[in-house]
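Q: model this:
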Amino acid sequence: MATRAGKEARISSINRGGASLRGPPHAPATEAAAERGLRPAPWSDAQIVESAIDAIVATDPSGRIKRWNQGAEALYGYSAKEVLEKPVSLILPRGRPSEHEQLFPRVLAGERIEHYRTQRRRKDASTVDVSLTMFPLLDAAGQIVGAASIARDISAHLVAERELRASEGRYRQLLDAAYEGVWRIDTELVTDYANQSMAEMLGYSVEEMLGRGLSDFLDEEGTRKAQASTLRQREGAKERLEVYFLRKDRTRVPALISVSGIFDEAGQYVGNLAMCTDVSEQREAEARHRETEAFLESVAASMDEGLLTLDGTGRITVVNDQARRLLGYEEHELVNRTLCESVGREPGDGPPSQRAGSGLASISSSSSPMRLDDEVFTCRDGSCLPVALSAAPLGERAGALGHVVVFRVLTERHAAEESAQRELEEMGWIGHLRDAIDEERLVLAAQPIVSLLTGEVTRQELLVRLRDRAGRLVMPGEFLPAAERFGLIRELDRWVLGQAVRLAAENQIVNVNLSAHSLGDPHLADAAERMLREAGAEPWRITFEITETAVAEHLERACKFATQMSELGCQFALDDFGTGYGAFTYLKLLPINYLKIDREFVHDLPENPASRHLVQAMVSLARCFGQQTIAEGVEDAGTLEILRELGVDHAQGYYIAPPGGAARASGSISGTH
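A: Here you go, the predicted model:
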C-alpha cells in the first residue's frame with residue numbers, strides 16, 4: 001500500500017501533467033505517438049485540464065482539495081491558492097454534506113458517477129446548479145489515490161427546461177380549450193393526442209381515443225381516403241376536406257377537417273395534425289333547404305331569402321320584398337328584364353354586359369334545378385352583393401313555364417370565413433411569438449423625440465419588433481393582435497419594460513407603450529418599481545405612454561398605477577390625444593406630463609386650417625394643465641415649421657428619424673431635414 005505522502009505526491013503531479021483525470025493511465029503520449037509514427041503533441045494533460053471550461057477538482061482520500069483548475073475558479077469564485085489543502089466541504093451548500101458523504105465513499109471504492117445533478121456553493125455564498133461527474137484517481141499501479149470531479153454549470157439549462165415545460169403547458173391549455181376538435185396521429189396512423197372537443201365530437205373520452213388507429217373512427221372508404229391523404233401530406237401537402245367520422249355508438253358525423261403533416265427540426269415526417277369541425281347542423285340545414293326548393297311556388301312574400309320568378313323567356317315576373325330590399329330596386333324596375341340585364345351588370349354606368357363566367361344566363365334554359373354557391377349580384381347603387389342562389393324549373397315542361405330563383409346573402413359567411421382565417425393566422429403567431437421570446441429574437445427600435453425649441457433629441461420612444469428565423473424583421477402589426485388576443489401581451493410589455501429600465505440605467509431617457517392588458521395588471525406597478533430599484537435606474541428617465549382606450553378599459557387600476565409610478569418619479573404621456581371622447585376626464589384624473597397629438601391632426605397641417613386650429617387648441621389646453629405637447633407623424637419640413645409656430649413642444653416622425661436601434665438619446669436637428 002502506498003504511503004499517504006506518496007498518494008499526495010501522485011495527486012499533485014496532475015499539476016505537472018503526470019496523472020490523468022480520465023481514469024487509469026495509459027501508455028505515455030510520446031510512446032503512443034511513436035508507435036503511430038507521429039510527433040508527440042506539444043501540450044500535456046495538465047495543460048488541457050487547466051484550460052478546461054468545466055470546473056475540475058481533485059481531492060485526496062480524506063477529501064482535501066489537491067487540484068483546482070481555472071474552470072473551478074470561474075465557477076466557484078475561489079482561486080486555487082484559497083482552496084488547496086482545504087476540505088471539499090467548502091463548496092458544499094448547507095444541507096448537502098450528507099449527499100457528499102454518500103457519493104464520496106462510492107467513488108473511493110472505484111465507482112464512477114456521471115451526470116449527477118446537484119448544487120454547489122460559490123465563494124459569495126450563492127448556490128449554482130451543476131451536472132457532476134465523479135471518478136476515482138488511480139496511480140500507475142492501479143491503486144485508488146483520490147477522487148476527481150468535473151462540474152458543469154447547468155443553471156441556464158434548468159431555467160430553459162422550466163420555461164419549456166411552462167410553454168408546453170400553455171399550448172396544451174390552449175388546445176384543450178379550443179372549440180374545434182384537434183387531432184394528432186403518429187406515423188403509424190395511431191392517435192397520440194386529441195383535445196376535449198374532438199373526443200366529445202366522437203362520443204369518446206380523451207383517454208379512450210389515445211392509442212386507437214384511424215380505422216376505429218372511419219369506415220373502410222374513409223380509412224382508404226385518409227391513408228392516401230397522409231401519403232400526400234408526407235410530401236408537404238396541406239388539405240381541407242369533408243369526411244364522415246364514426247362515433248363511439250357507430251353513428252356518422254360529418255366534419256370539415258384541415259389537415260397537414262408534422263415534421264421535426266430535421267425535416268423528418270413524424271405524424272399529422274388535423275383541425276376538425278362538426279358540420280352536422282350545417283348539413284342538416286342544407287338538406288332542409290333542398291327539400292323546400294320543391295315548394296317555391298307557395299313561398300310567402302315574408303320569406304327571409306330574396307325570391308325572383310322568371311317567365312319562359314327568362315324575364316323577371318315577380319320580386320318579393322326581401323329581394324327588393326337587398327337589391328335596392330322597386331319591383332317595376334326589375335319586371336320584364338332578364339337577370340343579366342338587371343342584376344348581372346358590371347358596376348358603373350356603362351352598358352349592360354354579361355359578366356365572364358356567370359351562370360345567370362344559363363338559368364332560363366336549364367331543365368333541372370341548379371345551385372350557384374358564390375354568385376355576385378349588382379345592386380341599384382352599383383355595389384356588389386355576394387349571394388348563393390337556387391334555381392328550379394316551374395311546372396313539368398322544362399323551360400315552358402319559367403323558373404323560380406331564391407337567393408341569400410353571403411356577406412356574413414364571407415366575414416365568418418375571413419374571421420376564421422385571421423384567427424388561424426393569429427394562432428400561428430402565438431407559436432412564433434413564444435419561440436421569439438424564448439430564443440431572444442425580440443428587438444427594440446427607438447424613434448427619437450426632439451425639442452422644437454432647441455432641436456435636441458430629448459428622448460426616444462421604444463417600439464418592439466420581432467426577427468424571424470430567416471432574419472426578416474416583423475412589424476408589430478403582424479403579431480401584437482395575436483399577443484393581445486391570446487394573453488401574451490403582458491409578458492411582451494414586461495419584456496419591453498425590462499429593456500427600458502436597462503436603457504434608463506445607462507442614462508437614456510425612453511418612452512414605453514403600455515397595453516390595456518398591462519394597465520389592468522394589479523402587479524405591474526410593484527414589478528416596475530422592483531425593476532427600477534434593482535437596475536439602479538432613475539425613474540424620471542422613463543415615460544409611460546398610455547392610450548385613452550387602454551385607460552377606459554381599466555380606469556381604476558390605471559389611476560392607481562399612474563399614481564404609484566408618478567410618486568416614484570416616472571412620467572406619463574396620454575397617447576393619441578384628440579381621437580377619443582374621454583380625454584378631458586383623464587386629464588383631471590391622471591398625472592399626465594405630456595399630451596401626444598395624434599398624427600390625424602398633424603399629417604394635413606399645411607393644407608387644412610381646421611387641423612391647425614385643433615392643434616393650437618390642444619397646445620393651449622396642455623399649457624393650462626402644466627403639460628407639454630408631442631406631435632406624432634411629422635413627415636415633412638413644412639409640417640415641422642407649422643408645429644413650431646403653433647407652440648408645440650416636441651415632435652417625432654419619419655421626417656425627423658424613422659425608428660432605429662435603441663441608441664443613446666443625443667444629437668439635434670435643424671430647421672430642415
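Q: CA only for contacts and neighbour counts going forward, please
A: OK.
Q: State the three-state secondary structure for Ile592.
A: coil (DSSP: H, G, I helix; E, B strand; the rest coil).
Q: measure it to Phe601 for me?
A: 20 Å (Cα to Cα, to the nearest Å).
Q: before we move on, what about Leu218?
A: 61 Å.
Q: And for Gly142?
A: Applying Cα to Cα to Gly142 and Phe601 gives a distance of 87 Å.
Q: quick one, which of those two is more surrounded?
A: Phe601 (22 against 11; other Cα atoms under 10 Å).
Q: Verify the stated contact: the more buried one with Val615.
A: Yes - counting by Cα atoms under 8 Å, Phe601 does reach Val615; the two are 6.8 Å apart.
Q: residues bridging contact with those two, i.e. touching both?
A: The contact sets of Phe601 and Val615 do not overlap (Cα atoms under 8 Å, 6 or more residues apart in numbering).
Q: Ramachandran angles for Val88?
A: phi -70, psi -20 (degrees, to the nearest 10).
Q: contact partners of stretch 649-660?
A: 445-453, 463, 628-637, 640, 669, 673.
Q: Okay, and which of those map to helices?
A: Ala637, Leu640 (DSSP state H).
Q: all helices of the stretch 1-150 of the chain, in order?
A: Assigned by DSSP state H, counting those that start in this stretch, the stretch 1-150 of the chain shows helices spanning 4-12, 29-35, 45-51, 70-76, 80-83, 97-108.
Q: I misspoke; the intended subject was the stretch 251-400 of the chain.
A: 280-292, 321-327, 331-334, 339-342, 360-363.
Q: Which neighbouring elements make contact with the fourth one?
A: Translated: helix 339-342. When contacts are defined as 3 or more Cα pairs under 8 Å, 6 or more residues apart in numbering; DSSP states H and E, helix 339-342 packs onto helix 360-363.
Q: swap the cut-off to 10 Å and go again
A: helix 331-334, helix 360-363, strand 370-378 (3 or more Cα pairs under 10 Å, 6 or more residues apart in numbering; DSSP states H and E).
Q: Least reliable of the ones you listed by average pLDDT, please.
A: Confidence, taken as mean pLDDT, is least for helix 360-363 of the helices and strands packed on helix 339-342 (a mean of 78).
Q: residues in contact with Gln322?
A: Counting by Cα atoms under 10 Å, 6 or more residues apart in numbering, Gln322 touches Ala301, Ser302, Met303, Asp304, Glu305, Gly306, Leu307, Gly328, Phe407, Arg408.
Q: nearest to His100, of those?
A: Arg408 (79.0 Å; Cα to Cα).
Q: so that closest one is in which element?
A: Using DSSP states H and E, Arg408 sits within strand 403-409.
Q: Return the angle between stretch directions for that strand and strand 370-378.
A: Counting by axes from the mean of the first three to the mean of the last three Cα atoms, to 10 degrees, strand 403-409 points 60 degrees away from the direction of strand 370-378.
Q: Buried residues, strand 403-409. List them.
A: His403, Val404, Val405, Val406, Phe407, Arg408, Val409 (16 or more other Cα atoms under 10 Å).
Q: Show me which pair in these is furthest apart.
A: Farthest pair in those, by Cα to Cα: His403 and Val409, 19.9 Å.
Q: How far off centre is stretch 308-324?
A: Put simply, stretch 308-324 sits 52 Å off its chain's centre (Cα atoms, centre = their mean, to the nearest Å).
Q: tell me the mean pLDDT for that stretch?
A: 85.
Q: first vs last residue of that stretch, how far apart are they?
A: End-to-end span of stretch 308-324 (Cα to Cα): 10 Å.
Q: what does stretch 591-610 give?
A: 29 Å.
Q: What are the buried residues along it?
A: Those would be 591-599, 601-606, for stretch 591-610 by 16+ other Cα under 10 Å.
Q: and if you look at stretch 47-59?
A: Buried, per 16+ other Cα under 10 Å, within stretch 47-59: Val49, Glu50, Ile53, Asp54, Ala55, Ile56, Val57, Ala58, Thr59.
Q: What would that stretch look like as CSV? C-alpha coordinates only.
A: The C-alpha coordinates for stretch 47-59 follow below in CSV (Å, rounded to 0.1, in the frame of the first residue of the first chain):
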residue,chain,number,x,y,z
GLN,A,47,-2.5,21.9,-19.7
ILE,A,48,-5.8,20.6,-21.1
VAL,A,49,-7.2,20.2,-17.5
GLU,A,50,-6.0,23.7,-16.6
SER,A,51,-7.6,25.3,-19.6
ALA,A,52,-10.9,23.3,-19.5
ILE,A,53,-14.1,25.4,-19.2
ASP,A,54,-15.7,22.9,-16.8
ALA,A,55,-14.7,23.0,-13.1
ILE,A,56,-12.3,20.2,-12.3
VAL,A,57,-11.4,19.4,-8.7
ALA,A,58,-9.2,16.6,-7.4
THR,A,59,-9.1,15.5,-3.7
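Q: And stretch 307-314, end to end?
A: End-to-end for stretch 307-314, by Cα to Cα: 14 Å.
Q: Stretch 594-610 too?
A: Terminal-residue distance, stretch 594-610 (Cα to Cα): 22 Å.
Q: what do you get for stretch 234-242?
A: Terminal residues of stretch 234-242 are spaced 20 Å apart (Cα to Cα).
Q: I'd like to know how many residues surround Arg459.
A: Neighbour count of Arg459, defined by other Cα under 10 Å: 23.
Q: got a list of what it touches?
A: 446-451, 508-511, 541-543, 650, 664-666.
Q: List only those of those residues flagged as buried.
A: Among the contacts of Arg459, those classed as buried by 16+ other Cα under 10 Å are 446-451, 508-511, 541-543, 650, 664-665.
Q: which residues touch Glu635?
A: Glu635 neighbours (Cα under 10 Å, 6+ apart): Arg599, Val602, His603, Asp604, Gln652, Gly653, Tyr654, Tyr655, Ile656, Ala657.
Q: and the nearest residue to Phe561 once chain neighbours are set aside, which of the three is it?
A: Spatial nearest neighbour of Phe561, excluding adjacent residues (Cα to Cα, 6 or more residues apart in numbering): Ala525 at 5.6 Å. Secondary structure state of Ala525, per three-state DSSP, is helix.
Q: Okay, now the sheet partners of the helix or strand harbouring Val443, with direction.
A: If you go by DSSP H and E, Val443 is part of strand 442-451. In the sheet containing strand 442-451, its partner strands are strand 457-467 (antiparallel), strand 650-651 (antiparallel), strand 660-661 (antiparallel), by DSSP bridges.
Q: I'd like to know which of these has the weakest mean confidence.
A: strand 660-661 (a mean of 70).
Q: Low-confidence stretches in the stretch 301-450 of the chain?
A: 301-302, 345-358, 395-400, 412-429 (pLDDT under 70).
Q: now the stretch 51-200 of the chain
A: For the stretch 51-200 of the chain, the ranges with pLDDT under 70 are 164-178.
Q: Do you have the strands of it handy? List them.
A: For the stretch 51-200 of the chain, the strands defined by DSSP state E, counting those that start in this stretch cover 55-59, 65-68, 113-121, 127-138, 144-153, 181-185, 191-194.
Q: Include distance to Ala535 when you put those strands into TSV, please.
A: As requested, those are exported to TSV (distance: least, Cα to Cα, whole Å):
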stretch	distance to Ala535
strand 55-59	30
strand 65-68	34
strand 113-121	25
strand 127-138	22
strand 144-153	25
strand 181-185	44
strand 191-194	45
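Q: which stretch among those strands comes nearest Ile489?
A: Of all the strands of the stretch 51-200 of the chain, strand 181-185 comes closest under Cα to Cα, at 24.9 Å.
Q: Neighbours of the residue lying closest to Gly261 once chain neighbours are set aside, how many?
A: The shortest distance from Gly261 to any non-neighbouring residue, by Cα to Cα, 6+ apart, is to Asn272 (4.3 Å). Asn272 has 21 neighbours, counted by other Cα under 10 Å.
Q: so which strand or helix has Phe572?
A: strand 571-577.
Q: mean confidence score for that strand?
A: Here the average pLDDT along strand 571-577 is 88.
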